[in-house]
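sequence first, predicted model second:
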Amino acid sequence: MTTTDAALYRLMTWLSPAYPLGAFSYSHGLEYAVEDGRVRNAAGLTGWVGAAVEHGAGRIDAALLAAAWRAATESDDRQMAELVDLGMAWRGTAETALESAAQGAAFLTITRAAWPHPRLEALAASAGNQMALSLAVGAAAAIHAMPLAPVLTAYLQAFAANLVSAGVRLVPLGQTDGQRATAALESVVARAVEAALAADLDDLGTAAPLLDWCSMKHETQYTRLFRS
């Protein structure tokens with residue numbers, strides 16, 4: 001499967017900050033990390049986001065996306081149903097679960113309206129339009145004939161860029177520092193893509209307990225700009 005101009009256009013649109021998923025309203029626990037003094041500068045932000053991509057939710061999301069892409073490619077409805085249940089459960093905190101589920105529902109609603117497809121309609125109906133974002137993107141990408149590796153790269157880049165954007169606002173940092181962080185994360189995203197392509201869901205896990213702890217602390221943070 002090759003990336004056609006049409007597929008590239010759709011992929012760039014779906015994972016653009018302009019796609020109305022509300023991604024800008026989530027910090028994935030970063031807001032508390034800044035409040036607690038754990039992220040203070042561009043280097044700290046780069047390390048924090050890199051850990052989320054390679055060892056935290058990014059690792060899980062990328063593997064789930066790949067599994068959903070394969071299930072949709074093979075029209076394996078039973079596997080997809082199992083993945084939907086797994087994706088909704090596979091979050092460490094209430095806020096990161098909301099982050100994934102709310103964006104997944106928004107993605108399905110918007111994509112079905114703008115790029116309708118009978119198989120995507122059937123998938124949304126079977127899941128009650130409730131699905132983790134990574135699964136929704138993976139399934140939709142397969143249905144619209146997008147190759148897996150570029151989809152993984154675009155998804156993880158969008159995930160990382162959204163957290164960098166949150167960090168730029170929270171620390172605060174300049175826009176150039178934000179772009180330096182995004183550039184430094186290129187190799188991290190590449191490694192995460194390779195890991196996702198080879199991932200076995202039965203052996204998959206995360207190793208970022210501090211990210212989950214900050215997410216839980218964020219639930220009761222006194223003042224908040226972000227929903228997670």
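Yes, it's here.

helix, strand, or coil at the nearest residue to G44 once chain neighbours are set aside?
Setting aside the residues directly before and after it, G44 is nearest to R38 in space (C-beta to C-beta, 6 or more residues apart in numbering), at 7.2 Å. Bear in mind the C-beta positions are built from the backbone N, C-alpha and C, glycine included. Put simply, R38 is coil when judged by DSSP: H, G, I helix; E, B strand; the rest coil.

and R38, what is it in contact with?
For R38, the contact set (C-beta atoms under 8 Å, 6 or more residues apart in numbering) comprises G44, W48, L210, C214.

next one: phi and psi at the residue most central in space within the chain?
For the chain, F159 is the residue whose C-alpha lies nearest the centre (C-alpha atoms, centre = their mean; 4.9 Å). Main-chain dihedrals, F159, degrees, to the nearest 10: phi -60, psi -50.

that one and G58 touch, don't they?
Yes: F159 is within contact range of G58, at 5.5 Å (criterion: C-beta atoms under 8 Å).

what are the ranges of the helices in this structure?
Along the chain, the stretches classed as helices by DSSP state H are 5-14, 30-35, 42-54, 57-73, 77-89, 94-114, 118-126, 133-143, 148-170, 175-184, 186-198, 209-218.

report the angle between the fourth one and helix 209-218.
Spelled out, it's helix 57-73. Here the directions of helix 57-73 and helix 209-218 differ by 100 degrees (axes from the mean of the first three to the mean of the last three C-alpha atoms, to 10 degrees).

next: the first one.
Note on geometry: by the same axes, to 10 degrees, helix 5-14 and helix 209-218 are set 50 degrees apart in direction.

need phi/psi at the residue nearest to A102 when sequence neighbours are not counted.
Distances taken as C-beta to C-beta, 6+ apart put G22 closest to A102, at 6.7 Å, once the chain neighbours are dropped. Per-residue torsions, G22: phi 80, psi 20 (degrees, to the nearest 10).

surely G22 is in contact with A101?
No: in this structure, G22 is not within contact of A101 by C-beta under 8 Å, at 11.7 Å.

just to revisit the earlier point, pLDDT value on the residue nearest to G44, please?
At R38, the model reports a pLDDT of 96.

with M1 instead?
pLDDT, read off for M1, is 61.

before we move on, what about the one 5 residues further on?
According to the per-residue confidence, A6 scores 89 in pLDDT.

for A158, see how far away the residue nearest to G44 is.
24 Å (C-beta to C-beta, to the nearest Å).

A199 too?
Distance from A199 to A158, by C-beta to C-beta: 19 Å.

cool, D36 as well?
Per C-beta to C-beta, D36 is found 26 Å from A158.

between these two, which one's more packed in?
Taking other C-beta atoms under 10 Å, D36 and A158 do not tie; A158 has more neighbours (20 against 13).

that one: what's it in contact with?
Counting by C-beta under 8 Å, 6+ apart, A158 makes contact with L15, S16, P17, A23.
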